[in-house]
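1. fold the following.
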Amino acid sequence: MTDFLAMGGYGAYVWSSYAIFVIALLIDFLSPRLRYRRVIADLRGRLKRQQSRQEKST
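-> Reported below is the predicted structural model:
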């Protein structure tokens, strides 16, 4: 098993590249979801401000 993990002396390069790839996939997966939450929160805030302005003017 240790021979497999060492990969002929190149294990550090191989496993670090796998780790970087997985991190990039996670970022690619999570960033749109986080952006969606921020956009929704921003729209809700704008809607509340708009509604409060309309209530004050009426």
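
2. ok, residues contacting the lowest-mean-pLDDT helix or strand in the chain?
-> When the helices and strands of the chain are scored by mean pLDDT, DSSP states H and E, helix 2-6 comes last with a mean of 88. Surrounding helix 2-6, the residues in contact under the criterion C-beta atoms under 8 Å, 6 or more residues apart in numbering are Gly11, Trp15. C-betas here are computed from N, CA, C, even on glycine.

3. again, only this time at 6 Å
-> Contact with helix 2-6 is made by Gly11, as judged by C-beta atoms under 6 Å, 6 or more residues apart in numbering.

4. then stretch 11-29?
-> Leu5, Met7.

5. helices along the protein, start to end?
-> Taking DSSP state H as the test, the helices found in the chain are 2-6, 11-57.

6. export those helices to a markdown table and append columns for mean neighbour count.
-> As requested, the helices of the chain are exported to a markdown table (neighbours: other C-beta atoms under 10 Å):
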| stretch | mean neighbour count |
| --- | --- |
| helix 2-6 | 9 |
| helix 11-57 | 10 |
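
7. mean pLDDT lowest where, among the ones you listed?
-> Ranked by mean pLDDT, the helices of the chain bottom out at helix 2-6, with a mean of 88.
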